[in-house]
Each structure stands twice: as structure tokens, then as C-alpha cells.
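S.K.: My questions are about this predicted structure, shown below with the sequence.
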Amino acid sequence: MKTRRVIGIGETVLDIIFGDDNQPRSANPGGSVFNALISLGRSGIPCTFVSEVGDDKVGDIIRQFLHDNNVGDEGLYSHVGMKTPLSLAFLDENKDAHYTFYKDYQNQKFELICPEINEGDIVLFGSYFSLNRVIRDAVKEFLLKAKAAGAILYYDVNFRKSHQHELEALRPTIIENFQLADIVKGSDEDFGVMFGMTDWRKAYHMHVEPHCKTFICTQASKGADVICGSIERHVDGRKIEPVSTIGAGDNFNAGTVCGMYRGAISKDDLGNVDKLAQAMLTGIEFATEVCLSLDNYIQRKSTL
């Protein structure tokens with residue numbers, strides 16, 4: 001039997017982080033799914049990343065960073081003539097990040113290199129990357145292959161206010177992602193932006209449950225909830241003084257997936273909110289650790 005692994009698909013960027021004095025503090029390879037996979041690789045979870053980078057120095061840095069952190073790169077395409085995207089993250093007084101992205105839109109496309117996907121693998125996808133109309137066909141092709149293979153599809157909505165003006169055009173793709181997913185994860189902020197709702201349970205029952213039964217909602221320091229139909233469980237957050245909230249949600253995903261992997265959670269277990277809540281405790285641990293540094297990922301751990 002093939003070794004179970006986590007496969008992530010998403011964008012790659014170099015995050016340059018500025019303090020509230022507008023001075024640069026650090027530069028880290030990043031991207032929502034990328035951050036999660038680095039933390040998983042550091043935790044000894046077998047994983048690989050599907051994405052593309054430019055054939056530039058930044059792209060070289062990112063590929064080497066994957067190697068250094070035990071993340072497979074067989075799905076990473078080097079796009080000739082493309083500049084790898086940059087992200088400027090400005091921290092406010094609450095240590096929350098406000099982003100400006102610099103992308104090579106003239107060369108924007110996606111050359112899919114699909115690694116082997118097996119039954120029981122966990123596929124992590126989401127954010128605007130999974131909605132972008134320019135690359136949607138390739139992303140959907142990958143997701144359909146993963147679904148057919150029997151993988152567990154974990155969708156992190158992660159919908160930012162900066163894309164709110166595109167919401168109506170993107171809504172059918174969001175719903176399609178709900179339908180493909182086995183687990184939908186979003187924040188209370190996501191659903192405020194997308195559906196104008198502050199009540200996450202109402203948002204779940206109206207907009208997610210008709211397409212995907214299992215939903216995880218994060219609520220910053222208040223913790224997270226998992227719901228499947230009428231059954232739900234809550235996991236408390238930690239009281240901390242954050243250094244940066246960049247990567248908190250990404251690492252909640254990483255920790256939860258790590259908990260699912262270590263707990264041998266299968267598709268048959270996705271209606272078991274007690275098992276998922278147990279996995280989410282690791283998600284809280286990972287997110288808490290990342291908030292206490294300027295890194296996008298947890299520190300290196302001993303392997304399994």
C-alpha cells in the first residue's frame with residue numbers, strides 16, 4: 001500500500017514583512033497552502049506541493065526552501081520568462097497584516113504537473129488561487145483527479161476583502177469548490193465578506209451544508225468550531241500577545257491536517273466531529289506558535 005501523504009496546490013510568493021514603522025522585518029517564501037506544507041514537512045508528514053514559480057532567483061529560493069523542509073517539489077513547474085510573485089505585508093498596531101501583491105500578470109497561466117494521488121491522501125487547496133479564472137481549468141482538472149482517486153479534499157475559503165468586487169462573478173466557482181470538498185474551512189470574517197453574515201452557523205446551514213456537510217469555522221482568538229449537520233464541537237483558542245498573525249489560518253490548516261494524518265482519519269470519519277475536534281487541537285497549537293514569531297510556519301519538529 002502506498003504511503004499516505006498530503007498534497008497541496010496553491011500559489012508561491014516571497015512575503016516581505018514590514019513593521020508598523022513601515023520598515024522591513026523579514027522576507028520569507030510564502031503562499032497560503034505553501035505555508036501549511038512547510039509546517040507539515042517540518043512535522044515529518046509526507047507531503048508535496050503543486051504550483052509554479054518563475055525561472056528567477058526568487059523561484060530558486062522557493063524550490064530550495066521546499067527541499068530544506070522535506071516537501072516534495074515534483075509538482076512545481078518553473079515557468080520560463082515569468083517573475084515569481086512578491087507580497088508586501090504591512091503589520092498594524094494589532095499585528096494584523098495588510099497586503100499588497102506584485103504579480104507578473106502578462107505571464108499568468110498554470111502549467112499543471114500532477115503528482116500521483118492515492119486513496120486516503122489529503123489534498124489541501126483554497127484562497128483566490130482556487131478561484132482565479134485564468135488558471136481555473138487546470139486547478140479543477142487537478143481537483144477532479146484527486147476526487148476520483150479517493151483523496152480527502154480540504155478547502156480553505158480564505159476569501160479576502162480585496163476580491164469582494166469580484167464576488168458575484170466568483171460565486172459559482174466558490175460553490176463548485178464546496179461541492180468538490182470533503183471539508184470546508186472558513187473564518188467568521190470570510191463569511192462576513194462573502195455572505196454579509198456574522199452568524200457562522202446560519203452561513204453554514206444556508207450556503208455550505210447543501211454542498212458539503214463537514215465545516216470548520218475559525219474565530220481568531222475565540223478558537224474554532226466543527227459542525228456536521230446538527231452536531232458540532234468547539235475548540236478553545238489560546239490567550240497570547242501576537243507578534244504577527246500572518247500564517248495563523250494557514251497553520252491552523254496544517255495542524256488540523258497533521259492531526260488528521262496522525263489520527264488516521266479517513267473519509268468515513270468526516271462526520272465524526274469528536275475526531276475532527278481532536279485533530280483541530282493540533283491546529284490551534286500550530287496557529288498559536290506561528291503568531292508568536294514573524295515566520296509563516298512552525299519551527300522544525302522531530303519527525304514521526
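M.R.: Nice, thanks for sending it over. Residues are numbered from 1 along each chain as shown.
S.K.: quick one: the strands in the stretch 201-304 of the chain?
M.R.: With strands called from DSSP state E, counting those that start in this stretch, the stretch 201-304 of the chain shows them at 214-218, 224-228, 231-235.
S.K.: Could you name the stretch from those that's closest to residue 246?
M.R.: Among the strands of the stretch 201-304 of the chain, the nearest to residue 246 by Cβ to Cβ is strand 214-218 (14.9 Å). In this view, the C-beta of every residue, glycine as well, is placed from N, C-alpha and C.
S.K.: now that closest one against strand 231-235, angle please.
M.R.: 30 degrees (axes from the mean of the first three to the mean of the last three Cα atoms, to 10 degrees).
S.K.: any idea of the angle strand 214-218 forms with strand 224-228?
M.R.: Put simply, strand 214-218 runs at 160 degrees to strand 224-228, going by the same axes, to 10 degrees.
S.K.: Please save the CA atoms from strand 214-218 in CSV.
M.R.: Provided in CSV are the C-alpha atoms of strand 214-218 (Å, rounded to 0.1, in the frame of the first residue of the first chain):
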residue,chain,number,x,y,z
THR,A,214,-18.4,19.0,7.2
PHE,A,215,-17.5,22.6,8.0
ILE,A,216,-14.8,24.1,10.3
CYS,A,217,-15.1,27.7,11.3
THR,A,218,-12.2,29.6,12.9
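S.K.: tell me what it is packed against?
M.R.: Contact here means 3 or more Cβ pairs under 8 Å, 6 or more residues apart in numbering; DSSP states H and E; on that basis strand 214-218 packs against strand 183-187, helix 188-195, strand 224-228, helix 248-262, helix 273-291.
S.K.: The strands of the stretch 201-304 of the chain into JSON lines, with extra columns for mean neighbour count and distance to residue 262?
M.R.: Putting the strands of the stretch 201-304 of the chain into JSON lines (neighbours: other Cβ atoms under 10 Å; distance: least, Cβ to Cβ, whole Å) gives the following:
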{"stretch": "strand 214-218", "mean neighbour count": "26", "distance to residue 262": "17"}
{"stretch": "strand 224-228", "mean neighbour count": "23", "distance to residue 262": "17"}
{"stretch": "strand 231-235", "mean neighbour count": "16", "distance to residue 262": "16"}
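S.K.: Include mean pLDDT when you put those strands into a markdown table, please.
M.R.: Below are these laid out as a markdown table (pLDDT from 0 to 100):
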| stretch | mean pLDDT |
| --- | --- |
| strand 214-218 | 97 |
| strand 224-228 | 98 |
| strand 231-235 | 98 |
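S.K.: What is the end-to-end distance of stretch 193-213?
M.R.: Using Cα to Cα, to the nearest Å, one end of stretch 193-213 lies 21 Å from the other.
S.K.: who's in contact with that stretch?
M.R.: Residues outside stretch 193-213 that contact it (Cβ atoms under 8 Å, 6 or more residues apart in numbering): 155, 157, 159-161, 164, 167, 174-175, 178-179, 181-184, 186, 188, 191-192, 215, 217, 219, 225, 227-229, 232, 270-271.
S.K.: what pLDDT, on average, does it get?
M.R.: Confidence for stretch 193-213, expressed as mean pLDDT, is 94.
S.K.: And the lowest-mean-pLDDT helix or strand in the chain, what's buried?
M.R.: Sorting the helices and strands of the chain by mean pLDDT, DSSP states H and E puts strand 97-102 at the bottom, at a mean of 81. Of the residues in strand 97-102, residue 97 count as buried by neighbour count, 16 or more other Cβ atoms under 10 Å.
S.K.: Quick one: residues contacting the residue nearest to residue 256 when sequence neighbours are not counted.
M.R.: Computed as Cβ to Cβ, 6 or more residues apart in numbering, the closest residue to residue 256 that is not its neighbour in sequence is residue 283, at 3.6 Å. Residue 283 makes contacts with 224, 235, 251, 252, 253, 254, 255, 256, 258, 259, as judged by Cβ under 8 Å, 6+ apart.
S.K.: now, which of those residues sits nearest residue 132?
M.R.: Closest to residue 132, out of all of the contacts of residue 283 and judged by Cβ to Cβ, is residue 253, at 19.2 Å.
S.K.: how near is the closest one to residue 270?
M.R.: Plainly put, residue 253 is 15 Å away from residue 270 if you go by Cβ to Cβ, to the nearest Å.
S.K.: So between these two, which is more surrounded?
M.R.: Neighbour count, other Cβ atoms under 10 Å: between residue 253 and residue 270, residue 253 has more, with 31 against 19.
S.K.: ok, how many other residues are close to the nearest residue to the more buried one once chain neighbours are set aside?
M.R.: Among residues not flanking residue 253 along the chain, residue 36 sits closest, at 4.8 Å (Cβ to Cβ, 6+ apart). Neighbour count for residue 36, taken as other Cβ under 10 Å: 33.
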